[in-house]
Structures are given as structure tokens and as C-alpha cells.
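Novice: what follows is a predicted structure for the sequence shown.
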Amino acid sequence: MSKAHICFLIFFIFLLFPVSSQDSAPEDPSPVDFFLVSVIETAFSGNLHWRPDWPVDIPPDGFSSSNLTPQIIELNNETQNFVVKRDSEGRLVEFPFFTENGYLKVEASYAETGALKKMNVSTEEKNWNITFPDNFLPYGDLSFGGSFPAITVSSDDSDFYVFIFESSEFLTETWYDSESNMLAYCKAQIFRGNDSIWRIRSLQIHDESGFRFQDYYFDSYGNISEVRFPDKAFSAYLRDSFPLYWRGPDFQFELQWDAQGLLSAIKTEEIEYRYEYETAEGNWVKRQETAVGSQFGLLTPQPSYSRGIWHRHGD
């Protein structure tokens, strides 16, 4: 029996009888730092909408524009630089993907059909080169459901094989190393709207850490309004895809927007952040943040709390 057949056999056994958190975990940490289903959901949706689990210092409207589909938006301050780039068909070919511990820089290429061909996913420390099988378009017209051929992932001197299984209600993702050892398993519960774009409702994850869930909740407009991890949760009340109230494990914000749709202030119990802008063609290109707080019964500037200036330009 070939290595590929062995991988498929192990995959289906795991699909039917997933391991529990009581099963022993491997001694060595898993090299799986992210799951593809979440990244490809963003790529196929073509959207980079704000979510409550994004870093608090990223402008919530940083990747939005008065233009319908700008080809490039670049957002940066003194230490960070994020680029959202689209091709002539409006597909995302470069974008940041925010995680619990940072963010991934994702670059993608597509076939004429819209199927994913390749991805490069990187952080400051690591780089993954990903090659998808032909016609990789889950829930698309080219997909018959069931198992896709292996996705190959190369990082440093290591090669991995990822198998995606598509059903009408979920996608599963299983990682193997080059020796056919299972490294991690993720089951993504899926729902599909009238526009046929698929969204992830929850992730059921099995890896060296054991078993855990990530749950996503949506408002009536399809915005993610809450994200729950095993040990923490992030939630927001949104209007027009932007937060008015935002809560995390160690913060609670009230956000104010002006009549032009620009964020004017973020209020906490101790500090109020205020914003001034430079604009061009209906979009802000520079945002200056000033922090003020109560001192001796008066509102005074608190420069040590200010997070500085963000610049933005697009094309």
C-alpha cells in the first residue's frame, strides 16, 4: 500500500473516531502553527472585515475604503506594515491574517477559475510554501465534495501533507509529516449564505495540546460579533461593520465615529484616545492618536499612552 493510501486510510479512521483530549500527545511540539481552513476562508471570501479578536492597536477601519475594490491598501506605523493587494479580478493576492499571537503575511495565486494554486504564509521567524491540487475550490462549481488530493506544505527543511475533506456542513483538515505521522486535525463547522460564500462557525481542534474549540458568532448582517477561545472571549456591538462597543479579557472600549465615518474617539475607564486625520479622495491617509486622562480632576494629555501615527495609502 502506498504512503498516500495509508494517509487516506488514517484520515478516514480519524474522521469517524476523532481522538479525545485524554489521548496521549506527542512529546515534541507540533510544527503546525496555523490551520489552512481559516486562511483560505478569507482568501475565497475576498473580504478582510474587522473582527473582535483583532489586535487593539490596529485601526478598525484600516483596510476599508470609499472605493469599491481598491487594488492596494498599505497601512503602517513606525513598527508595523500591512498590505492588502488584489488582482484585476478583485481576488486577494496579499493580506494579513491575524492570530492569537500575532499575524501571518499571506500571498496567494489563483487559476483562471478562481481555484487556489499557491500560497506563501510567513511571519518574522518562519515561512511556509503551500501548493494546492488542481481545481482546489471548496464549495465551488468545480468541487464534487469528499476528499481533495494532498496539499503540500514546505517550511525550512520540512515537508508536510495536508488533506481537506469537504461535506455539506463541515471541512476537515488533517496534517501529516513526511513520515506519515499525524500532527494535527481540525474540523470547521460551515454555513453558507445566499451569496454562496462559506463561513466558519466553529473550529474543533486536536493537536499536541489536546482538544479545544473556537466558536464564532455573527450578527444579523453577517459580521463576526463574538469569538470564543477556551480561555477567553472577544465581543463587539457593530454598526456598518465597525464596532461601537468592544470587549476583551482585559479591556472594554466605547468607540465613537463622526458623521464622515471616521473614528473620532475610543474611551476606556481610565484613558480616552482621540483622533485627528489627514484625508485624500474621501479616505484617511494619516491618523494621529492623542491620549488624555483625568489628573487632579482635569482632562490632561497622557503622552505615554499614545500609540502614535498610522499612515495609509491605496491605489
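Specialist: Here it is on my side, so go on.

Novice: any chance you could read off phi and psi for E169?
Specialist: Per-residue torsions, E169: phi -120, psi -10 (degrees, to the nearest 10).

Novice: OK, contacts around it?
Specialist: E169 makes contacts with Q189, I190, as judged by Cβ atoms under 8 Å, 6 or more residues apart in numbering. From N, CA and C alone the C-beta is placed, and that goes for glycine too.

Novice: any idea how far it lies from L137?
Specialist: Distance of E169 to L137, computed by Cβ to Cβ, to the nearest Å: 18 Å.

Novice: what do you get for E254?
Specialist: Following Cβ to Cβ, the distance that separates E254 from L137 is 42 Å.

Novice: cool, and Q189?
Specialist: 20 Å.

Novice: again, but for L104
Specialist: L104 sits 21 Å away from L137, going by Cβ to Cβ.

Novice: of Q189 and L137, which one has the most company?
Specialist: Ranked by neighbour count (other Cβ atoms under 10 Å), Q189 and L137 place L137 first, with 19 against 16.

Novice: phi, psi of the more buried one?
Specialist: L137 has phi and psi values of phi -150, psi 80 when expressed as degrees, to the nearest 10.

Novice: what's near enough to touch it?
Specialist: So L137 contacts F44, T113, G114, A115, L116, S143 (Cβ under 8 Å, 6+ apart).

Novice: and for V56?
Specialist: Taking Cβ under 8 Å, 6+ apart as the criterion, V56 is in contact with G248, F251, F253.

Novice: and it, how far from H313?
Specialist: 23 Å.

Novice: all strands for the stretch 101-250 of the chain, in order.
Specialist: Using DSSP state E, counting those that start in this stretch, the strands found in the stretch 101-250 of the chain span residues 102-110, 116-122, 127-136, 146-147, 151-155, 158-166, 170-177, 182-192, 198-207, 210-218, 224-229, 232-239, 242-248.

Novice: make a markdown table out of these and add distance to V292 and mean pLDDT.
Specialist: What follows is these, written out as a markdown table (distance: least, Cβ to Cβ, whole Å; pLDDT from 0 to 100):
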| stretch | distance to V292 | mean pLDDT |
| --- | --- | --- |
| strand 102-110 | 29 | 96 |
| strand 116-122 | 38 | 97 |
| strand 127-136 | 42 | 96 |
| strand 146-147 | 57 | 96 |
| strand 151-155 | 46 | 96 |
| strand 158-166 | 49 | 97 |
| strand 170-177 | 46 | 97 |
| strand 182-192 | 43 | 96 |
| strand 198-207 | 39 | 96 |
| strand 210-218 | 33 | 95 |
| strand 224-229 | 29 | 97 |
| strand 232-239 | 23 | 97 |
| strand 242-248 | 19 | 97 |
